[in-house]
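> Fold the following.
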Amino acid sequence: MATIQQKVDAICKSSPEAARKLEEAIAALEKTTLSGDASTDPIARLGKGFQTFKTNVYEKDSALFDKLKTGQWPKYMVIACSDSRVDPATIFGFNAGEAFMVRNVANMVPAWEPSGGYPSVASALEYAVKHLKVEHIVVIGHRLCGGIKALVTTEEGQGSHDFVENWLEIGKAARAATKAVVGSEDVDEQCKFCEKESVNVSLTNLLSYPWVKEKVIGKKLSIHGGFYDFVEGSFQVWDLDVNVGHSRKF
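Presented below is the predicted three-dimensional model:
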């Protein structure tokens, strides 16, 4: 009985086309083995994504990237949730250099503290306002936020995480407002309310930073609340002094 190799050799001898296709298949297999299959190899997925970006964006807009080599001049600072479903660059189609971003659990902005509490957000905010001189700060909440659900449903001091509950206490005023207004509703309705109310708390906290307040008063900086509902496919935005009910919806 002929071996598999003998059968392959016979087919290749009788059909040059079959031999060519076999060589192509072997080459493709070797390439996959060396570089990784993006469908199964997480790191190869990053490489494939970068190559797509390089071809479709970086190389097609060389003028922009040449300019960015000398610095950045973003008009926006965006403070958004770390949730993988709500990437601001994807949602708003930002170009490179257009928005300075901070992402954290539940898109929280802590109040200013003289001792420098929560320096990660505070330092980014300071850099954006003082050095980059952004013109707009937008705090964006979103539907089905896991951080907000934890804020609404976890009793103070009863959490099971090392850091999450302590961080979410930044939004305790939003939780209190939620319980006062819609506390008798089910958890989902409470979350819907708190997802927006927590944005308002963060907007208020922004004004506790002296250099933010100074620029807002001087009309050199505007702060806005935003809400992305990926269930409905809508985006809502409002200014600090405008009720959510009078916001602009897209």
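
> which residues does Cys194 contact?
Applying CB atoms under 8 Å, 6 or more residues apart in numbering to Cys194 gives the contacts Ile148, Leu151, Val152, Gly171, Ala174, Arg175, Ala177, Thr178. C-beta: built from backbone N, CA, C; applies to glycine.

> no wait, Ile140
Neighbouring residues of Ile140 by CB under 8 Å, 6+ apart: Val78, Ile79, Ala80, Cys81, Val86, Pro88, Asn107, Val199, Gly225, Gly226, Phe227, Tyr228.

> Equivalent analysis for Val182, please.
Glu189, Gln190, Phe193.

> where's the residue nearest the centre of the chain relative to Arg103, distance?
By CA atoms, centre = their mean, the chain has its centre lying nearest to Asp87, at 3.2 Å. Remark: distance between Asp87 and Arg103 (CB to CB, to the nearest Å) = 8 Å.

> For the two, list the residues in contact with both.
Ala80.

> quick revisit: are any of the contacts of Val182 buried, and which?
Among the contacts of Val182, those classed as buried by 16 or more other CB atoms under 10 Å are Gln190, Phe193.

> could the contacts of Val182 go into JSON lines alongside pLDDT and secondary structure?
Below are the contacts of Val182 laid out as JSON lines (pLDDT from 0 to 100; DSSP: H, G, I helix; E, B strand; the rest coil):
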{"residue": "Glu189", "pLDDT": "96", "secondary structure": "helix"}
{"residue": "Gln190", "pLDDT": "96", "secondary structure": "helix"}
{"residue": "Phe193", "pLDDT": "97", "secondary structure": "helix"}
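
> Quickly name whichever of the contacts of Val182 is closest to Glu113.
Set against Glu113, the nearest of these by CB to CB is Phe193 (27.3 Å).

> just checking, the closest one touches Lys179?
No: checked against CB atoms under 8 Å, the pair Phe193 and Lys179 is beyond contact range at 9.7 Å.
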